[in-house]
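> Give me the fold of what follows.
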Amino acid sequence: MSAIALIVLTRAIHVLMGIIWAGSTFLLGLVIMPIAVRYGQEGAGRWVGVIAQRVGPLSGVSALLTILSGIYLFASLHAHDDSMSGLVLKAGAMAALLSLAVGFFVGRPTAINLAKLSEQSSVATTTEIATQLSHRGVQLRRRAALSSGFAVILLGLAVLAMAAFRYVSALA
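The predicted model follows:
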């Protein structure tokens, strides 16, 4: 495979996986998590958990493929680019990496804890235990919503940087 064909293939993977990652992150952070926080006490947490179990791995795999293909593209095409466009591209890449870190180190463990808590709540033996588990669930849902919101902001900045980096030189 020629170098150009490999770059085109890698760019296609980068764009498609980036769309899936950003779309699932935006959906999770802007729609699903606010519903979980607001209606979790009323039983929505169970359905949100089912949705998040599907979206989480999809988002994680697409994020990983986006990052890996982005690293290859950056190393191949922009390794020594110190222009304003290159700086915008680097800032976008950092925002994407930070978004991945927030999702992996905060969002994922919180979602796992919420799933465990949901299982414990369904078999709670006393009202006191159920109340404690409910209070913990509220805290975890808030943490999940906060981390999702932060990931949305970072990934939004990354998407904007990737979309605009080619045109920054024309503005300067």
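> what's in contact with stretch 98-118?
25, 45-46, 49, 52-53, 56, 59-60, 63-64, 67, 133, 136-137, 140-141, 143-144, 147-148, 150-151, 154-155, 158 (C-beta atoms under 8 Å, 6 or more residues apart in numbering). Using the backbone N, CA and C atoms, a C-beta is placed for each residue, glycine as well.
> now do stretch 64-83
Contact with stretch 64-83 is made by 3, 7, 10-11, 13-14, 17-18, 21, 86, 89, 93, 96-97, 100, 169, as judged by C-beta under 8 Å, 6+ apart.
> In helices only, show me the contacts of stretch 98-118.
25, 45-46, 49, 52-53, 56, 59-60, 63-64, 67, 133, 136-137, 140-141, 143-144, 147-148, 150-151, 154-155, 158 (DSSP state H).
> What is the neighbour count of residue 141?
Residue 141: 25 surrounding residues under other C-beta atoms under 10 Å.
> what's the distance between it and residue 150?
15 Å (C-beta to C-beta, to the nearest Å).
> ok now the least confident helix or strand in the chain by mean pLDDT, how far from the chain's centre?
None of the helices or strands of the chain scores lower by mean pLDDT, DSSP states H and E than helix 108-122, at a mean of 77. Its chain's average C-alpha position is 19 Å from that of helix 108-122, according to C-alpha atoms, centre = their mean, to the nearest Å.
> Identify the residues contacting the residue nearest to the spatial centre of the chain.
Nearest to the geometric centre of the chain sits residue 25, at 4.4 Å (C-alpha atoms, centre = their mean). Residues near residue 25 by C-beta under 8 Å, 6+ apart: 59, 99, 103, 148, 151-152, 155.
> Check what pLDDT it gets.
Per-residue pLDDT puts residue 25 at 92.
> how near is it to residue 154?
9 Å.
> about what we covered before: of the contacts of stretch 98-118, buried ones?
25, 45, 49, 52, 56, 59-60, 63, 67, 133, 137, 140-141, 143-144, 147-148, 150-151, 154-155, 158 (16 or more other C-beta atoms under 10 Å).
> Near residue 65, how many residues? Count them for me, please.
17.
> Sorry, wrong one. I was asking about residue 90.
So residue 90, with other C-beta under 10 Å, has 16 neighbours.
> start at 166 instead
All set: I'll call the first residue 166, so the last point we hit is now residue 255.
> and it, what element?
Assigned by DSSP states H and E, residue 255 belongs to helix 249-267.
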